[in-house]
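Q: here is my input, please return the structure:
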Amino acid sequence: MKSMPFEKCPRSIPLTICAITFASAIQVSPITFAQDSLIEEVVVTARKREESLQNVPVAVSALSPSQIEQIGSLTVMDISRLVPNVELHQNTFSGQALSASIRGMAFDDLEKSYEPTVGVSVDGVFMASNSGAVVDLFDLEAVEVLRGPQGTLYGRNTIAGVINIKRTQPTGELGLKLEGTFATHDRQDLKGILNLPIGENGGLKLHYRDLQQDSHLFNTFRNERPENRDSNTWGASFRYDFSDNFTATLSYDDYEHWTQPPDPVATGVSPDTTFCLLGAIINTAGSCNENSAALSQANGYETSNASEQIYSYMWGENITLNAQYTGDNFTLKYIFGVMDFDEDAKFDSWGAPQPLYQVRRQQNYEQTSHEIQYLSDWDGPINVVAGLYYLETESYMTSGPDLSSRPVGVLARNFESAQDAEARAVFGEIIWEIDDKWTATAGARWTNEKKDLFTRSFGSLSDRLAGGPSFGLLTPNYDDDNVTYRFVLQREMSFGMAYGSYSTGYRAGGFNSRGNNVQTVGPFESEEVTSIELGIRSQPTDNLQLNVTGFSADYSDKQQFVVTDGTQCGLAATATCTFVRNIAETKNQGLEVEAILVASDNLTFRASYGYLDAEFESYNFNGRDISSTAPLIYAPENTWSLNALHISSVMGGNLALSATWSYRDEVWGAAEYGFYNFDTGPKMNIESHDQLDLSATFLRDLGNGQLKLVIYGTDVLEADGRVSRTFDAGAFAWHELVPGRQLGLTVGYEF
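A: The predicted structure follows:
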């Protein structure tokens, strides 16, 4: 272990709703490519129970491990290439933090007191914070992406959707899986899984991963290519079948992510002054833009010139317990989870070639959750899902700039804040098979949550670290109740199934833990979404599947994040202020199509298309409506992907050749568009992007095991990097970059 430093279907077109779901079968180890010319059934748990994907009245995409591997996927962010109307990005300034948007409902910040719009679940346990949600895709059984509000069964903070990640279970048999991936920028990814039997009824699974990788950006200021990833994870899962009816799995995970994110590049506040954060005080090196964003762009976004390296470290442990009892006509489940981690982050130059001011953030976070589910399997026409849920979180942050070596008169705030939160819920859903054609579903969820915040400020770094003297003490509290609903009417058709649904969801209110007064701290209130969805799940022929979903969602009391320069909250102009206000409403509507065609025994095509028309209906910024000019962030109008998979017998094994072409339309990054100048402001729109991913996977049975060789390339037609995330903090702005072409080789063996 290292030593730890602190640190737009236009509205004139009828809304026809469609969603095509990927229909590749969920695969378990060892991976095989055996298939016939019929589409295999995919089983999902989108409604908490196991059901055929084609019978579920929810817009859900199910991705198998082989599909994910074929696009050279490294983390959960990469699945957005395969799923319509989904945008996923990493937030550089927090440990493994996921900025996620589905159907134009986005969250792009990092505080533990904020709630995400997309729920992320690993083995049934929901992450209440987006930190740690950039999950490395290793040891997978399946990934499900549910689009649209899932408030009834999944609860708070799933107004946009849910990403369900399922890992493999202990097999109870002796087995070993070893893999090594070696790729561009000295990526070395070593992975291992060992399964052991424990008596006749038990099994133990051990897993280990060591990941090392350099940055894709060469820093011209420091004349080096910095290290990017240094991650080490290990864990164990123990499963025991106490009887034919009762089984339980206990899992432990330990992780250390010593991450130095790729440098951002400074874009500033105007084309001329750009990122000269301290203005005339330090603007002696010429135009910062020439030395950062513009220069990086001229070099194909392969260089940076930040004077100081960011680090964003995260280390912690998780414990998960899944217990299941199956009776004669019901299943009872208990899911328990603990997530306990620390973060240490430091940023100084913010992507510019001068040291500006150093900010140090140290945080710890712990969440504990309990969920009980009752799933009936009655013989009659009615079945139910019912449950109880409880969540408790504790978070602490101490943060602020070290200005000891900075110019006199530069002011900013040192502070510490802590939040305790509780949420409890009762939920249920009734499924009524009216006859052999019609099925009705009705569900509701009641949630109560409470939050208490403690925050205070300090005059200097030394005061903050020493615990005083302090000022500006605030101890507000927040209490809220909410009820969400879902109603579905579903009809079996000769070609498949059609449904219509009405659902609601909400995102919890709360506090801005980095605020410095009542106006910035809050509390702000919860926001709500109501969504109408129409869908068709069809299989016109034995080898063609076509799923279409149309949706229209009204997003009200939207929590608008307003990030300004410090003058708006009593700080220096060089600092930043964040306000969270319920001041906007949006209309989000669109179309989703997913299809699969098994052209022959050897050739399969998959396709997806998403169309999104998302815009503000109202946006009351300081007494004026800016809805006609302000864009919604991370809401691409068009997204699509096309995949071809060919399987053949070669050299005594099977060879799978995969090509995936994907496209995302232009999006806008996060800025306060009430202040933003579209003529002179830093560039906040991210240009459209298409990419081609290729892979060749060879599997051969060696008698006593299976050999796997994978050669892959992502974005193979584009050598240059590109902008993936933009952020305007009022006083300054930056771009975050991702690489272009990446080539890799994976060698694996398993038995």
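Q: run the chain-centre distance for stretch 442-461.
A: Distance of stretch 442-461 from the chain centroid (C-alpha atoms, centre = their mean, to the nearest Å) equals 22 Å.
Q: and it, average pLDDT?
A: For stretch 442-461, mean pLDDT rounds to 95.
Q: CA atoms only: put that stretch into CSV for me.
A: The C-alpha trace of stretch 442-461 is given here as CSV (Å, rounded to 0.1, in the frame of the first residue of the first chain):
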residue,chain,number,x,y,z
ALA,A,442,-50.1,-0.7,-10.1
GLY,A,443,-47.5,0.3,-7.6
ALA,A,444,-46.6,2.9,-5.1
ARG,A,445,-43.7,3.8,-2.7
TRP,A,446,-43.7,6.1,0.3
THR,A,447,-40.4,7.6,1.4
ASN,A,448,-39.5,9.7,4.4
GLU,A,449,-36.1,11.2,4.7
LYS,A,450,-34.3,13.4,7.2
LYS,A,451,-31.0,15.3,6.9
ASP,A,452,-28.9,17.3,9.4
LEU,A,453,-26.0,19.4,8.3
PHE,A,454,-23.2,21.0,10.3
THR,A,455,-20.9,23.5,8.6
ARG,A,456,-18.5,26.2,9.7
SER,A,457,-15.9,28.4,8.2
PHE,A,458,-12.3,29.3,9.1
GLY,A,459,-10.1,32.3,8.3
SER,A,460,-7.1,30.2,7.2
LEU,A,461,-5.8,26.8,6.3
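Q: now that stretch: buried residues?
A: 443, 444, 445, 447, 449, 451, 453, 455, 456, 457, 458, 461 (16 or more other C-beta atoms under 10 Å). (C-beta placed from N, C-alpha, C; glycine too.)
Q: so the last one sits against residue 401, correct?
A: So that's residue 461. Yes. Using C-beta atoms under 8 Å, residue 461 is in contact with residue 401, at 7.2 Å.
Q: identify the contacts common to these two.
A: 360, 414 (C-beta atoms under 8 Å, 6 or more residues apart in numbering).
Q: what would the buried residues of stretch 442-461 look like in CSV with secondary structure?
A: Output for those, formatted as CSV (DSSP: H, G, I helix; E, B strand; the rest coil):
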residue, secondary structure
443, strand
444, strand
445, strand
447, strand
449, strand
451, strand
453, strand
455, strand
456, strand
457, strand
458, strand
461, helix
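Q: kindly indicate which of those lies nearest residue 307.
A: The closest of the buried residues of stretch 442-461 to residue 307 turns out to be residue 461 (C-beta to C-beta; 19.9 Å).
Q: grab the nearest non-local neighbour of that closest one.
A: residue 402 (4.8 Å; C-beta to C-beta, 6 or more residues apart in numbering).
Q: I'd like the next helix or strand past the helix or strand hosting residue 482.
A: In the assignment (DSSP states H and E), residue 482 maps to strand 477-493. Sequence-wise, the next helix or strand downstream of strand 477-493 (DSSP H and E) is strand 496-507.
Q: pairing partners for that next one, with directions?
A: strand 477-493 (antiparallel), strand 527-541 (antiparallel) (DSSP bridges).
Q: what's in contact with the helix or strand following that strand?
A: Following strand 496-507 in sequence order, the next helix or strand is helix 518-521 (DSSP H and E). Here helix 518-521 makes contact (C-beta under 8 Å, 6+ apart) with 453, 455, 474, 476, 511-515, 569, 577-579.
Q: so can I have TSV of these showing distance to residue 359?
A: Formatted as TSV, the contacts of helix 518-521 follow (distance: C-beta to C-beta, whole Å):
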residue	distance to residue 359
453	21
455	17
474	21
476	24
511	20
512	17
513	15
514	11
515	16
569	16
577	15
578	14
579	19
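Q: about what we covered before: and the strand holding residue 482, which residues are buried?
A: For strand 477-493, using 16+ other C-beta under 10 Å, the buried residues are 478, 480, 482, 484, 486, 488, 489, 490.
Q: looking at this, residue 571 is in a helix?
A: No. Secondary structure of residue 571 (three-state DSSP): coil, not part of a helix.
Q: that one - nearest residue in space that isn't next to it in sequence?
A: Nearest one to residue 571, counting by C-beta to C-beta, 6+ apart, is residue 413 at 6.0 Å.
Q: state the distance from the residue nearest to residue 461 to residue 687.
A: Using C-beta to C-beta, to the nearest Å, residue 402 is found at 36 Å from residue 687.
Q: and for residue 428?
A: For residue 428, the distance to residue 687 - C-beta to C-beta - is 46 Å.
Q: so for the two, which residue has more residues nearby?
A: Between residue 428 and residue 687, counted using other C-beta atoms under 10 Å, the more crowded position is residue 428 (16 against 11).
Q: who does the more buried one bridge with?
A: Counting by DSSP bridges, residue 428 is bridged to residue 386, residue 444.
Q: correct me, but it touches residue 446?
A: No. With contacts defined as C-beta under 8 Å, residue 428 does not count as touching residue 446, sitting 9.6 Å away.
Q: so in the chain, where's the weakest helix or strand by average pLDDT?
A: Every helix and strand of the chain was ranked by mean pLDDT, DSSP states H and E. The lowest is helix 288-291, at a mean of 56.
Q: next, the angle from the strand or helix carrying residue 593 to strand 527-541.
A: Assigned by DSSP H and E, residue 593 falls within strand 576-598. Counting by axes from the mean of the first three to the mean of the last three C-alpha atoms, to 10 degrees, strand 576-598 lies at 10 degrees to strand 527-541.
Q: just to revisit the earlier point, show me the contacts for the residue nearest to residue 571.
A: Residue 413 neighbours (C-beta under 8 Å, 6+ apart): 400, 457, 516, 571, 575.
Q: do you know how far it is from residue 105?
A: Distance check for residue 413 against residue 105: by C-beta to C-beta, it reads 31 Å.
Q: then residue 184?
A: Residue 184 is 34 Å from residue 105, by C-beta to C-beta.
Q: before we move on, back to that, adding distance to residue 90, write the buried residues of stretch 442-461 out as JSON lines.
A: Listed next are the buried residues of stretch 442-461 as JSON lines, based on distance: C-beta to C-beta, whole Å:
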{"residue": "443", "distance to residue 90": "34"}
{"residue": "444", "distance to residue 90": "35"}
{"residue": "445", "distance to residue 90": "30"}
{"residue": "447", "distance to residue 90": "29"}
{"residue": "449", "distance to residue 90": "28"}
{"residue": "451", "distance to residue 90": "27"}
{"residue": "453", "distance to residue 90": "27"}
{"residue": "455", "distance to residue 90": "27"}
{"residue": "456", "distance to residue 90": "31"}
{"residue": "457", "distance to residue 90": "30"}
{"residue": "458", "distance to residue 90": "31"}
{"residue": "461", "distance to residue 90": "28"}
